[in-house]
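Student: prediction below, plus the sequence it came from.
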Number of protein chains: 2
Amino acid sequence: MNGHRIPEATVNRLPVYLRVLAEASGSSPTISSELLAEKAGVNAAQVRKDLSHLGSYGTRGVGYEVGYLMHQISRRLGVDTELKVVIVGAGNLGQALATYGGFASRGFQVVATFDSDPDKVGTRVGVTKVQPVTSMPETLRELRVDIGVVTTPASAAQSTVDLLVSGGVSCILNFAPTTVAVPGHVALRQVDLGVELQILSFYRQGDISPVAVGE
Amino acid sequence: MNGHRIPEATVNRLPVYLRVLAEASGSSPTISSELLAEKAGVNAAQVRKDLSHLGSYGTRGVGYEVGYLMHQISRRLGVDTELKVVIVGAGNLGQALATYGGFASRGFQVVATFDSDPDKVGTRVGVTKVQPVTSMPETLRELRVDIGVVTTPASAAQSTVDLLVSGGVSCILNFAPTTVAVPGHVALRQVDLGVELQILSFYRQGDISPVAVGE
């Protein structure tokens, strides 16, 4: 359903372009590839190449139509409809994510939160009330959840992922600092905040600067 | 000081190998490239190629010495000494990061937290007491901070980054959902949690699965 394949590095940059376009949309109906590139932290040739994968080429001397390009990128990313998110692990990080402004503004709706700690169950986190982990299978089936976010301790991560997968969740974002396994049909992204600091540490030593976005 | 350049994608995988090795270190003195690859979510040829950039080739039929490889990777990443981290923005996310187990266990020490909200100043976050943003210049100079983590709202991100840079911080991890600019000598990584969900959403549509590690 996606036409030709888009390179992974391009996929990683599309959300960044989308953010830049959203920021620019109030001030001008068009944007040059140069300005889009500067705001996204890449070069203009890269922007033009990335957007050509969407069949979007802009107009010489004018640039891209902001609104239309946002529509194209949103559709290609599959974020042009609202997606349902559950968060498992209602600790500090889970609470932070449940109330994270950057989710709602991008069409991600946190519809349920879960925790295994009886003291947390029933407390309010964002717009949800924390449910016990034991109610996950039923709730996942009922709500038809798109994305599961795992913010449990490392020791509970794999069992949580297994529960999400058996509940039909096909997209998992794992914040637990451990590697988890998923079946081939499930899309997994691992966000390990310690890893981010270690990567930064590498560049701190005076090697080349990393590109500020995606990769 | 780093000898030859290591490809960016390799740098992004080194912390993941380090995590796998730490998990394996209790059970065996050596690890095969196949097992290391499986746990890290890549293939064995990739592992061998990545590690060859460190001058580490393993032994046929035995694999890599876990302890020595951890030492080599840690040194190459520059995380073999403790690094000082400050967090600016003591909201939910800042609090989550200040108490994040994955930092301390990897040699990152959160030495100060800051917030502009007078109600937050003086409260305890992790092992720190939240300081007013106005005290950043002095505190940064005193503590000789290595890494600044920005968890402010988008509107305060650039001014926060500017304060960090003028306070001598040369490594910045930005969680605010906006693009910020830094001088060329400063290493910057942008972690936008909404972007992570949008990338996941792309792969949800049945395109190729993303690799679970690194970028």
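Tutor: Done, it's in. Numbering: from 1, shown residues only, chains lettered A, B, ... in the order given.
Student: now do the buried residues in the helix or strand of chain A with the lowest mean pLDDT.
Tutor: The weakest-scoring helix or strand in chain A, judged by mean pLDDT, DSSP states H and E, is helix A:101-104 (a mean of 76). The neighbour-count check on helix A:101-104 (16 or more other Cβ atoms under 10 Å in any protein chain shown) flags A:102, A:103, A:104 as buried. (Glycine included, C-beta is placed from N, CA and C.)
Student: can you give me the neighbour number for residue A:137?
Tutor: Using other Cβ atoms under 10 Å in any protein chain shown, the number of residues around residue A:137 comes to 14.
Student: what about stretch A:167-174, how long is it end to end?
Tutor: Criterion Cα to Cα, to the nearest Å; first-to-last residue distance in stretch A:167-174 is 16 Å.
Student: quick check: what element follows the least confident helix or strand of chain A along the chain?
Tutor: Once the chain leaves helix A:101-104, the next helix or strand it forms, by DSSP states H and E, is strand A:108-115.
Student: who touches that following strand?
Tutor: Strand A:108-115 has contacts (Cβ atoms under 8 Å, 6 or more residues apart in numbering or on different chains) with A:79, A:82-91, A:94, A:97-98, A:103-104, A:121, A:125-133, A:135-136, A:139, A:143, A:145, A:147, B:194, B:197.
Student: now with 6 Å, please.
Tutor: The contact list for strand A:108-115, computed with Cβ atoms under 6 Å, 6 or more residues apart in numbering or on different chains, reads A:82-88, A:90, A:98, A:125-126, A:128, A:130-131, A:133, A:136, A:139, A:143, B:197.
Student: just stretch A:143-162 next, same as before
Tutor: With contact meaning Cβ under 6 Å, 6+ apart, stretch A:143-162 is reached by A:83-89, A:93-94, A:97, A:111, A:164, A:169, A:171-178, A:180.
Student: next one: stretch A:29-41
Tutor: A:16-17, A:20, A:24, A:43-44, A:47-48, A:62-66, A:212-213, B:179.
Student: hang on, the earlier thing: for chain B, tell me which of the buried residues of helix A:101-104 show up nearby.
Tutor: The residues of the buried residues of helix A:101-104 that also fall near chain B, by Cβ under 6 Å from any Cβ of the partner chain, are A:102, A:103.
Student: what comes up buried for the longest helix seen in chain A?
Tutor: Longest helix in chain A, counting residues (DSSP state H): helix A:8-24. By 16+ other Cβ under 10 Å, the buried positions in helix A:8-24 come out as A:8-21, A:24.
Student: going through the contacts of strand A:108-115, which ones are buried?
Tutor: Neighbour-count burial (16+ other Cβ under 10 Å) applied to the contacts of strand A:108-115 gives A:83-88, A:90, A:98, A:125-126, A:128, A:130-131, A:133, A:136, A:139, B:197.
Student: on that earlier part again, the least confident helix or strand of chain A: how far from the chain's middle?
Tutor: Helix A:101-104 has its C-alpha centroid displaced from the chain centroid by 10 Å (Cα atoms, centre = their mean, to the nearest Å).
Student: about what we covered before: in the contacts of stretch A:29-41, find the pair that's most separated.
Tutor: Greatest spacing in the contacts of stretch A:29-41, by Cβ to Cβ: A:62 and A:212 (26.6 Å).
Student: more neighbours: these two, which one.
Tutor: The residue with more neighbours, out of residue A:62 and residue A:212, is residue A:212; 20 against 11, by other Cβ under 10 Å.
Student: helices and strands around the least confident helix or strand of chain A, which ones?
Tutor: Contacts defined by 3 or more Cβ pairs under 6 Å, 6 or more residues apart in numbering or on different chains; DSSP states H and E place helix A:101-104 against helix B:193-204.
Student: tell me the mean pLDDT for the helix it packs on?
Tutor: For helix B:193-204, mean pLDDT rounds to 82.
Student: same check on stretch A:122-141?
Tutor: For stretch A:122-141, the mean per-residue pLDDT is 94.
Student: element containing residue A:35, please.
Tutor: Residue A:35 belongs to helix A:33-40 when elements are defined using DSSP H and E.
Student: now the strands for chain A?
Tutor: Under the criterion DSSP state E, chain A carries strands at the ranges A:30-31, A:64-65, A:83-88, A:108-115, A:124-125, A:128-132, A:147-150, A:171-174, A:187-190.
Student: most packed of those strands?
Tutor: The highest mean neighbour count among the strands of chain A, using mean count of other Cβ atoms under 10 Å in any protein chain shown, belongs to strand A:147-150: a mean of 28.
Student: and that one, how far out from the chain's middle?
Tutor: Centre-to-centre, strand A:147-150 and its host chain are 10 Å apart (Cα atoms, centre = their mean).
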